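>>> show me how the following folds:
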Amino acid sequence: MNTALDNEIRLKLLRLLQDEPELTQRQMNQKMGVSLGKINFCISALAQKGMIKIERFKKAENKSAYMYRLTPAGLEELAKLTISYLKIRIQ
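So this is what the prediction gives:
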């Protein structure tokens, strides 16, 4: 995930997870207009890099429901990507 497009997707995904951590991957794909497979790949990569923490809802009726929380590393990455994106947009 190092191309400009991947960085843009990662930025949008981190922003979305910060605002709505309870979204399903299917809802994320609908809001972002990115394939469900790409969302799944990005979520897995962000979790492996320690940028997000994936938690299950313990008391939910739907036991497959997850919450995606940004870690301090994820918040730092979000800030870096935002600054980089703004620099590109200003130019």
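
>>> past the helix or strand residue 69 falls within, which element shows up next along the chain?
According to DSSP states H and E, residue 69 maps onto strand 66-70. Next along the chain after strand 66-70, taking DSSP H and E as the criterion, comes helix 72-90.

>>> hmm, back to that, show me what the strand holding residue 69 is packed up against.
Packing partners of strand 66-70 (3 or more CB pairs under 8 Å, 6 or more residues apart in numbering; DSSP states H and E): helix 4-19, strand 52-56. Glycine gets a C-beta too; all of them are placed from N, C-alpha and C.

>>> low-confidence regions, this structure specifically.
Along the chain, the model assigns pLDDT under 70 to residues 1-2, 58-64.

>>> export the helices and strands packed on strand 66-70 to JSON lines and tack on distance to residue 31 and mean neighbour count?
Formatted as JSON lines, these follow (distance: least, CB to CB, whole Å; neighbours: other CB atoms under 10 Å):
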{"stretch": "helix 4-19", "distance to residue 31": "6", "mean neighbour count": "16"}
{"stretch": "strand 52-56", "distance to residue 31": "16", "mean neighbour count": "15"}
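
>>> mind checking which of the ones you listed is nearest residue 69?
strand 52-56 (4.8 Å; CB to CB).
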